[in-house]
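1. Build me a structure from this.
(4 chains)
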Number of protein chains: 2
Amino acid sequence: MALILEDLDLWKLDSLVAVNRQLRLLLRSRIIRNDLKPDDKISEPGLARQYGVSRQPVREAFITLAHEGLVEILPQRGTVVCRIDYEAVLDCRFIREAFEADVMGKLTSKPNDQLVANLRKQIRAQKRIGRRKPGHFMELDEKFHRTLADAAGLKRAWDFIDSTKAQMDRVRFLSSEEFPITRLIDQHTQIVDCIEQQDSAGAEEAVRNHLREILQSLPKIHALYPDHFDHFRDTEF
Amino acid sequence: MALILEDLDLWKLDSLVAVNRQLRLLLRSRIIRNDLKPDDKISEPGLARQYGVSRQPVREAFITLAHEGLVEILPQRGTVVCRIDYEAVLDCRFIREAFEADVMGKLTSKPNDQLVANLRKQIRAQKRIGRRKPGHFMELDEKFHRTLADAAGLKRAWDFIDSTKAQMDRVRFLSSEEFPITRLIDQHTQIVDCIEQQDSAGAEEAVRNHLREILQSLPKIHALYPDHFDHFRDTEF
DNA sequence: CTCTAGCTACTTGTATGGAAGTAGGCAAGC
DNA sequence: GCTTGCCTACTTCCATACAAGTAGCTAGAG
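-> All right, here's what the predicted structure looks like:
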């Protein structure tokens, strides 16, 4: 997620920072937050007028977003916001599960009291804030998992995972109201317990179960927003 | 790897395809194949003149390459070819190991004679061609692993993995002469054997061992080409 | 009414000019 | 000798103009 801007309406361009970069972050946030919806047509001159800049930076933002699979550029025809790639979401989740399972193996190989304390503190914050603002839980969850990767000395690895998560983040935003927050927090607790006890197998199973939650909500979201997805593949496990 | 162009010198621009895209692939190949070396300065007008196009497409290619971590754009200062990110290589390898280990779990859950036959055929080709042209073994190896992911129904997942492999591919190109090809092929055989026998644990261990080979060669490559790398982190496992 | 040809209004792709900023050389002043 | 200030040559960044291709509408022919 890294950078999902908030208060999109209030956002104004800062002349000190490259417009190119600002537009890239802004448009990505608008797509993930479902402000720009699938199949919406967006054009370089259109957005250029809207933000009072030239076509050039807008175009460069489009190219980057196309590379991330968020928009599709059809030469001489236009640019549209991509539908959520159902298969990509599943595959991305698969990679995450495999990765984080192995992360558990590294974290349980030696004790790390400081990490455990940090994680428990985060969980308390999740319980406190998660109830009131479900939208903010997503950020806290993100931070929790990033902390795990960092502690394993895999900071760069998480950046890679992060860059492929755009599609999954769109789903998570759509389903932010549906989050079984209480259960997710319990799973976080379970993970930390296993880490503390250096229970490798337990931690791995816990994190796998945790990351399979989205498999429960994904079909529901698909049913609620069928037009937001492209294909539907019913075989996974 | 997807698209690493060959015969870079013979490459001429095709007016039918977007110059933007052609330059992106061309420059990426030149970097991975060590034609453009780390710390080389490249500039928009320079390459524009070299290829007889305007600065615009060159610039767009730069932006994409920067996003892949192959070049670094320093505003108003210039653009340089990045050194190989040692930590990124290690982390990328870690993700690959985790991913492919889980792929083994899926592949051994049910028999797949067709897949096994396909893989054995590929291994025969590896033995045949690998000896003569070590450079080509890289492509065959790539194909082998892609086949595994495809068979597990994780085509998109491999695309993600692939997009993060640029740094690792640079290492592999530098070390293509050093490849212990015979051992790698033996490991391929071992993997296929385990898949055929639906030996989940065995397949997982085999593929993990296989993907840890680069940990052996990486320090050697670093010693041979110290200027090609940036940082050196000596703690991994 | 149906179909087709052409025109118009869009789109993205490329080229080019200028704005802003940086690095380095070089000379004047201390 | 050392520092300071300017000046030049470079870079990336943004704006604008033009080229080329596409979709859709409209008018005319059958």
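2. all contacts plus neighbour counts: C-alpha atoms, from now on.
-> OK.
3. For burial, what's the neighbour tally of residue A:85?
-> 20 (other Cα atoms under 10 Å in any protein chain shown).
4. And residue A:36, what's its pLDDT?
-> Residue A:36 carries a pLDDT score of 95 in this model.
5. Relative to chain B, how far out is it?
-> Note on residue A:36: its distance to chain B, by Cα to the nearest Cα, to the nearest Å, is 23 Å.
6. try residue A:34
-> When residue A:34 is compared with chain B (using Cα to the nearest Cα), they lie 23 Å apart.
7. Give me the phi and psi angles of that residue.
-> Dihedral pair for residue A:34: phi 60, psi 30, per degrees, to the nearest 10.
8. quick one, what contacts it?
-> A:170, A:173, A:174 (Cα atoms under 8 Å, 6 or more residues apart in numbering or on different chains).
9. Could you grab the helix/strand/coil label for residue A:35?
-> coil (DSSP: H, G, I helix; E, B strand; the rest coil).
10. scratch that, residue A:79
-> Assigned by three-state DSSP, the conformation of residue A:79 is strand.
11. Put the alpha carbons of the helix or strand containing residue A:169 into PDB.
-> Counting by DSSP states H and E, the element that carries residue A:169 is helix A:166-174. Presented in PDB, the C-alpha positions along helix A:166-174 are these (Å, rounded to 0.1, in the frame of the first residue of the first chain):
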ATOM      1  CA  ALA A 166      -2.400  -3.100  -5.800                       C
ATOM      2  CA  GLN A 167      -5.100  -5.400  -7.100                       C
ATOM      3  CA  MET A 168      -5.500  -7.000  -3.700                       C
ATOM      4  CA  ASP A 169      -5.700  -3.600  -2.000                       C
ATOM      5  CA  ARG A 170      -8.600  -2.700  -4.300                       C
ATOM      6  CA  VAL A 171     -10.500  -5.700  -3.000                       C
ATOM      7  CA  ARG A 172      -9.600  -4.900   0.500                       C
ATOM      8  CA  PHE A 173     -10.900  -1.400   0.200                       C
ATOM      9  CA  LEU A 174     -14.200  -2.600  -1.300                       C
END
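12. which strands and helices sit next to it?
-> Counting contacts by 3 or more Cα pairs under 8 Å, 6 or more residues apart in numbering or on different chains; DSSP states H and E, helix A:166-174 is packed against helix A:19-32, helix A:86-107, helix A:213-224.
13. can you rerun that using 10 Å?
-> Counting contacts by 3 or more Cα pairs under 10 Å, 6 or more residues apart in numbering or on different chains; DSSP states H and E, helix A:166-174 is packed against helix A:19-32, helix A:86-107, helix A:134-151, helix A:213-224.
14. neighbour-wise, which of the contacts of residue A:34 leads?
-> Highest neighbour count within the contacts of residue A:34, by other Cα under 10 Å: residue A:170, with 22 neighbours.
15. which parts of chain A sit against DNA strand C?
-> Neighbours of DNA strand C within chain A, by Cα under 7 Å from any atom of the strand: A:42-46, A:56, A:59, A:73-79.
16. Now with 6 Å, please.
-> Within reach of DNA strand C by Cα under 6 Å from any atom of the strand, chain A has these residues: A:42, A:43, A:44, A:45, A:46, A:73, A:74, A:75, A:76, A:77, A:78, A:79.
17. How about the residue in chain A that sits furthest from its center?
-> residue A:76 (31.4 Å; Cα atoms, centre = their mean).
18. Give me the most central residue, chain A.
-> residue A:169 (3.3 Å).
19. For that residue, give its distance to residue A:135.
-> Distance of residue A:169 to residue A:135, computed by Cα to Cα, to the nearest Å: 12 Å.
20. same check, this time on residue A:66
-> As judged by Cα to Cα, residue A:66 and residue A:135 stand 26 Å apart.
21. if we can go back for a sec, quick check on the residues of chain A next to DNA strand C: which are buried?
-> A:42, A:43, A:44, A:45, A:73, A:79 (16 or more other Cα atoms under 10 Å in any protein chain shown).
22. So which of those belong to strands?
-> If you go by DSSP state E, these have A:42, A:73, A:79 in strands.
23. Bridged to the second one, which residues?
-> So that's residue A:73. Beta-bridge partners for residue A:73, by DSSP bridges, are residue A:79.
24. next one: the first one
-> Listed beta-bridge partners, residue A:42: residue A:79 (assigned using DSSP bridges).
25. Verify the stated contact: it with residue A:62.
-> Yes. When contacts are counted by Cα atoms under 10 Å, residue A:42 is listed as touching residue A:62 (9.5 Å).
26. between these two, what contacts are shared?
-> Common neighbours of residue A:42 and residue A:62, using Cα atoms under 10 Å, 6 or more residues apart in numbering or on different chains, are A:71, A:73, A:79, A:80.
27. Neighbours of the first one, how many?
-> Pointing back at residue A:71 there. 24.
28. Domain-wise, how is chain A divided?
-> A:8-81, A:86-228 (automatic domain parsing).
29. low-scoring stretches of chain A, by residue?
-> Scanning chain A for pLDDT under 70 picks out the ranges A:1-15, A:231-237.
30. For stretch A:16-32, buried residues please.
-> So for stretch A:16-32, counting by 16+ other Cα under 10 Å, buried means A:19-20, A:22-32.
31. cool, stretch A:128-139 as well?
-> Residues of stretch A:128-139 classed as buried: A:130, A:134, A:135, A:137, A:138 (neighbour count, 16+ other Cα under 10 Å).
32. Could you verify my assumption that the first one touches residue A:138?
-> Yes. Between residue A:130 and residue A:138 a contact is recorded at 8.7 Å, counting by Cα under 10 Å.
33. any residues in contact with both of those two?
-> residue A:181.
34. who touches residue A:38 in this structure?
-> Neighbouring residues of residue A:38 by Cα under 10 Å, 6+ apart: A:31, A:70, A:71, A:80, A:81, A:82, A:83, A:84, A:227, A:228, A:229, A:230.
35. in stretch A:213-223, what counts as buried?
-> Neighbour count says stretch A:213-223 has A:214, A:217, A:218, A:221, A:222 buried, by 16+ other Cα under 10 Å.
36. Out of those residues, the closest to DNA strand C would be?
-> Lowest distance from DNA strand C to the buried residues of stretch A:213-223 (Cα to the nearest atom of the strand) belongs to residue A:222, with 27.6 Å.
37. Residue A:89 is in contact with the closest one, correct?
-> No. With contacts counted by Cα under 10 Å, residue A:222 stays clear of residue A:89, the gap being 11.7 Å.
38. Overlap in contacts, these two.
-> With Cα under 10 Å, 6+ apart, residue A:222 and residue A:89 have common neighbours residue A:171.
39. related to what we said a few turns ago, which neighbours do residue A:169 and residue A:135 share?
-> Shared contacts of residue A:169 and residue A:135 (Cα under 10 Å, 6+ apart): A:175, A:176.
40. about what we covered before: specify which member of the contacts of residue A:38 is nearest to residue A:100.
-> residue A:84 (23.5 Å; Cα to Cα).
41. Give me the phi and psi angles of the closest one.
-> Note on residue A:84: backbone dihedrals following degrees, to the nearest 10 are phi -70, psi 130.
42. Could you give the bridge partners of it?
-> Listed by DSSP bridges, the beta-bridge partners for residue A:84 are residue A:229.
43. Hmm, it is touching residue A:90, no?
-> No. Checked against Cα under 10 Å, the pair residue A:84 and residue A:90 is beyond contact range at 11.0 Å.
44. Which one's more surrounded, the two?
-> residue A:84 (25 against 21).
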